[in-house]
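Student: Mind folding the following:
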Amino acid sequence: MTRQREDGVTIAIDSGYVPALKAGRFAVVPETRAFSARAVQLVDGRELAPDAVICATGYRLGLEQLVGHLGVLDERGRPRFVADQASGDHRGLWFFGLHASIYGNMAMRPTGARRLARAILRAPHAVKVT
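Tutor: As a prediction, this is how the structure comes out:
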């Protein structure tokens, strides 16, 4: 509880990550240099047009360089909106798993993930997957 209160860190355990990675359901890529209207620019010079960008920042968020200029972070560098809350100024920008809960990740994330998925599907820019 102390670590969560002081650092915003809760434990995370996910048994689905490794099988999904091996199955090619997503790709881990180098650091993001910048976002444009249609692409993500990587530090290795590649540009991608992904369906989604998931930033796995670990215990130290480090979001300031990536999105700090957008005014979406609080004074601690944490997103002002999380889970199914969307950015009013930046359509399609979502943050997930970056808020601490005394209930822990295992208890909170499944419900939050379902709410986020529904919110993304309801969003006007959503790509419908069948």
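
Student: contacts and neighbour counts: CA atoms only from here.
Tutor: OK.

Student: Could I get the average pLDDT for stretch 66-74?
Tutor: Stretch 66-74 comes out with an average pLDDT of 85.

Student: my bad, stretch 43-56
Tutor: 81.

Student: Could you check that stretch and say which residues are buried?
Tutor: Glu47 (16 or more other C-alpha atoms under 10 Å).

Student: what residues does that stretch touch?
Tutor: For stretch 43-56, contacts defined as C-alpha atoms under 8 Å, 6 or more residues apart in numbering pick out Pro30, Glu31, Thr32, Arg33, Arg38, Ala39, Val40, Gln41, Leu42.

Student: So which of the residues you listed belong to strands?
Tutor: Judged by DSSP state E, the subset of the contacts of stretch 43-56 located in strands is Thr32, Arg33, Val40, Gln41, Leu42.

Student: ok, and the closest non-adjacent residue to Arg115?
Tutor: Asp84 (5.6 Å; C-alpha to C-alpha, 6 or more residues apart in numbering).

Student: Which pLDDT value does the model give that neighbour?
Tutor: 73.

Student: tell me which element it falls in.
Tutor: Using DSSP states H and E, Asp84 sits within no helix or strand.
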